[in-house]
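Asker: just to be clear, the model below is a prediction. Sequence and coordinates:
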Amino acid sequence: MKAVRSGLSEAERAAASERIAREIISSEAYQRAVTIFSYLAFGTEVETRGIIRQAWDDGKTVALPRCTGPRTMRWYRAGSFEGLEKSRYGIWEPVQDPAAEILPEVAAPSLAIVPGLAFDVSGMRLGYGGGYYDAFLASYSSTAVGVCFSGQLIPSLSAYGLIEPHDQPVSQVMAS
């Protein structure tokens, strides 16, 4: 799936990311959300900066994740792309600031935008192996949207033996 994603040209990824952003921004889940929990795209992932900028323009709170331990993410309010720190994995993360922390369980109504290497039509996802999003999704009660390029959406991850007991589905998948 990394090869599928990397095999797209920069222009193809940008156009698909823009289509996904338009679909998310026009969705009912986005419209009613007060808080948007979003990853910040890394490498060849579906780009999320356009969604984040629109959320700021719409007066929504944007929270970005910071990996804080095994299978543990904490979410912090971000009002710009300035002041982020590069993690040991090379991913830009918000500074760990207790005053800016947002607890997903009390931030309703909200919308989470979730990355993955692959998704299937039932919403199951293949992540990067750390279990961070599975742990997050296990206790997240609002709408979670998985985003991917069309070649990363397959009929069934289970058919390939890629589903484990701790894996959590997203509410829906948007692929382009």
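Answerer: Structure received. Numbering: from 1, shown residues only.

Asker: show me the beta-bridge partners of the residue nearest to the spatial centre of the chain.
Answerer: The chain has Val114 as the residue nearest its centroid, 2.4 Å off, counting by CA atoms, centre = their mean. Using DSSP bridges, the bridge partners assigned to Val114 are Gly146.

Asker: how about Ile154?
Answerer: Asp120.

Asker: what residue of the protein is the furthest out?
Answerer: Distance from the C-alpha centroid of the chain, by CA atoms, centre = their mean, peaks at Ala159 (24.1 Å).

Asker: any idea where the strands of this structure begin and end?
Answerer: 35-38, 61-69, 72-77, 85-86, 92-93, 101-102, 110-114, 118-120, 125-126, 143-148, 153-154, 172-175 (DSSP state E).

Asker: any chance of those in a markdown table, plus mean pLDDT?
Answerer: A markdown table is the format used below for those (pLDDT from 0 to 100):
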| stretch | mean pLDDT |
| --- | --- |
| strand 35-38 | 98 |
| strand 61-69 | 95 |
| strand 72-77 | 96 |
| strand 85-86 | 94 |
| strand 92-93 | 95 |
| strand 101-102 | 97 |
| strand 110-114 | 98 |
| strand 118-120 | 97 |
| strand 125-126 | 96 |
| strand 143-148 | 98 |
| strand 153-154 | 97 |
| strand 172-175 | 97 |
